[in-house]
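[1] coords please:
(one chain, ligands or ions: 2)
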Amino acid sequence: MPPGNPASNPFISSPTYLMACQQLRNVARAIQLDSGVAERLMLPKRSQIVSVPVRMEDGRTEVFVGYRVQHSLTSGPSKGGLRYAKNVDLGEVAALAMWMSWKCGIMNLPYGGAKGGIAVDPAELRGGEKERLTRRFTDEIQNIIGPRVDVMAPDMGTDEQTMAWIYDTYSMKVGYACPEIVTGKPVELGGCVGRKEATGRGVVYCISEAFDELNIKSEGATAVVQGFGNVGSVTCDELVKIGTKVVAIGDRYGSIRNDRGINIARLNEYVSRNERKTIVGFPEAEAIPDAELLITPCTVLVPAAMERVITAENAGKLKCRVLAEGANGPTDPEADAILANTDVFVIPDILCNAGGVTVSYFEWVQDLAQFMWDEEEVNAQLKKLMLGAFKRVRDEAKGRKIGNRLAALSLGVQKVAREKNKRGLYP
Ligand SMILES: NC(=O)C1=CN([C@@H]2O[C@H](COP(=O)(O)OP(=O)(O)OC[C@H]3O[C@@H](n4cnc5c(N)ncnc54)[C@H](OP(=O)(O)O)[C@@H]3O)[C@@H](O)[C@H]2O)C=CC1
Ligand SMILES: O=C(O)CCC(=O)C(=O)O
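    Ligands and ions are numbered 1, 2, ... in the order given. The predicted structure is shown next:
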């Protein structure tokens, strides 16, 4: 149970928040974390809920609910994405913010964790509605963001264009161009080359490391990917580059399979041309039921869509050798316990998908210094940091004879706790 009186904890109705708290409790026990520090880390530092009125294309005003949660400000400004999804709520955003803290901790980035969300289905927005929603949300949370306070980035349902609107809205308020207010912007506006691809690229660096350790050849290996948005589609592109066949993919409209390997270049073209931007109906693959996707036999399974899709119900049925978590929180603690008794090699989310925030950090540094790097340098630094983090997690796991998830969480939580202790408790 999270600390405090359940009746007064506004996050507690979210199963995703409860999952993040349960993970933290497990780690706290394993590393004998001071209980006062553990309690503090279970509750975010600051949360803001805002109403976001938007003039819709038909002339009505619709009011959306938006959230920004800053889990920790101990290690620097808080950092994390902004999500547009129909059912997003305060607790889910708080969990995602907590995971950002551990992720930045593992990567040694000078940030605390944050996340934002607006409860809206972006696919239902028309004309200028998404832009007006984004600009009004930026206005509403303006008092708690800033280049040295809290820096947003894309997550589910948002992209480079969304970040450009935030940049523009914030810059108009402060009266000068302030690219360092967001990362994941278009390159023309001070974005970093390679940021769009960074998360998927990082996922595949981790997969390659796991394959090396397990003596698996990437040529001849097969992959199943859930999600064909930013993370899923780039992961597919990068898997093809290392010779791995993607045999099944799913998005929210359905799932497809082709055991000879899905042609990703042609699938990208198909998706960009259809109105719903879906993989469904791709002529070179057969449709399969969604429930079959995650249990399709493969060398590596990459959930790259949403939380809590691997549960006690399906964990024992996975037929992969490596589980590479592109999404945040795809595996719940009950599933984790089941996987611990199998030979599935788990690359946990806070390590596996850390490439995005890592290149966001490069972008922020470049914007602050007003000095841009080239793509070669960005990719070389990304690879160096990802492989370094992968090795730290594996050394911790082997040294303590624990799973990769507990090892990764231990490193992330310990880094934040150490810094908290050093700064001391203000009376
Ligand atoms: N973007 C980034 O840099 C980072 C993202 N992440 C995490 O990666 C995950 C994906 O994010 P991102 O790729 O940016 O998001 P996108 O919005 O670009 O893509 C999300 C994908 O998930 C699919 N999806 C949505 N709902 C379902 C569902 N019910 N079943 C199956 N698929 C579904 C979407 O399908 P459709 O298009 O049909 O809606 C889409 O293909 C999230 O967990 C995010 O937090 C983690 C680190 C960094
Ligand atoms: O790039 C960033 O700042 C954060 C990306 C993100 O939201 C995540 O890693 O979950």
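[2] Show me the helices in the stretch 101-250 of the chain, by range?
    Assigned by DSSP state H, counting those that start in this stretch, the helices in the stretch 101-250 of the chain fall at 129-140, 160-174, 195-213, 230-241.
[3] which ones are touching the closest residue to ligand 1 within the stretch 101-250 of the chain?
    Per CB to the nearest ligand atom, residue 229 is where the stretch 101-250 of the chain lies closest to ligand 1, at 1.7 Å. Using the backbone N, CA and C atoms, a C-beta is placed for each residue, glycine as well. Listed by CB atoms under 8 Å, 6 or more residues apart in numbering, the contact set of residue 229 reads 156, 251, 304, 305.
[4] Report pLDDT for the nearest residue to the last one once chain neighbours are set aside.
    This points to residue 305. Leaving out its chain neighbours, the residue that sits closest to residue 305 by CB to CB, 6 or more residues apart in numbering is residue 227, at 3.3 Å. pLDDT for residue 227: 98.
[5] what sits against residue 227?
    By CB under 8 Å, 6+ apart, the contact set of residue 227 is 250, 251, 303, 304, 305, 306, 326, 327.
[6] In this structure the fourth one contacts residue 236, no?
    No: taking CB atoms under 8 Å as the definition, residue 304 is not a contact partner of residue 236, at 9.0 Å.
[7] and for the two, which residues touch both?
    With CB under 8 Å, 6+ apart, residue 304 and residue 236 have common neighbours 200, 225.
[8] that older thread, by neighbours, which of the contacts of residue 229 wins?
    Highest neighbour count within the contacts of residue 229: residue 304, with 28 neighbours (other CB atoms under 10 Å).
[9] where's that residue relative to residue 186, distance?
    23 Å (CB to CB, to the nearest Å).
[10] mind listing the strands for the chain?
    Ranges of strands within the chain are 46-55, 61-70, 78-85, 112-119, 150-154, 222-226, 245-251, 254-257, 286-288, 300-303, 322-324, 345-347, based on DSSP state E.
[11] will you turn those into a markdown table that also has distance to ligand 1?
    Shown next, in a markdown table, are the strands of the chain (distance: least, CB to the nearest ligand atom, whole Å):
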| stretch | distance to ligand 1 |
| --- | --- |
| strand 46-55 | 18 |
| strand 61-70 | 14 |
| strand 78-85 | 6 |
| strand 112-119 | 8 |
| strand 150-154 | 5 |
| strand 222-226 | 6 |
| strand 245-251 | 4 |
| strand 254-257 | 8 |
| strand 286-288 | 13 |
| strand 300-303 | 8 |
| strand 322-324 | 12 |
| strand 345-347 | 13 |
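[12] Select, out of those, the one closest to residue 94.
    Nearest of the strands of the chain to residue 94, taken as CB to CB: strand 61-70 at 4.8 Å.
[13] Report the distance from that closest one to the chain centre.
    Chain-centre distance of strand 61-70: 20 Å, with CA atoms, centre = their mean, to the nearest Å.
[14] That one near ligand 2 anywhere?
    No: Strand 61-70 does not reach ligand 2 (CB under 6 Å from any ligand atom); its nearest approach is 12.0 Å.
[15] Can you give me the buried ones in that strand?
    For strand 61-70, the neighbour count (16 or more other CB atoms under 10 Å) marks 64, 66, 67, 68, 69, 70 as buried.
[16] angle of it against strand 46-55?
    160 degrees (axes from the mean of the first three to the mean of the last three CA atoms, to 10 degrees).
[17] For strand 61-70, name the packing helices and strands.
    Counting contacts by 3 or more CB pairs under 8 Å, 6 or more residues apart in numbering; DSSP states H and E, strand 61-70 is packed against strand 46-55, helix 90-106, strand 112-119, helix 129-140.
[18] what about the residue found closest to residue 241 once you drop the neighbours it is linked to in the chain, distance to residue 283?
    Among residues not flanking residue 241 along the chain, residue 204 sits closest, at 7.8 Å (CB to CB, 6+ apart). From residue 204 across to residue 283, the span is 27 Å (CB to CB).
[19] Mind checking which of the two has more residues around it?
    Neighbours were tallied for residue 204 and for residue 283 using other CB under 10 Å; the higher tally belongs to residue 204 (28 against 7).
[20] pLDDT value on the more buried one, please?
    You'll see residue 204 listed with a pLDDT of 98.
[21] Correct me if wrong: it contacts residue 232.
    No: with contact defined as CB under 8 Å, residue 204 does not reach residue 232; the gap is 11.9 Å.
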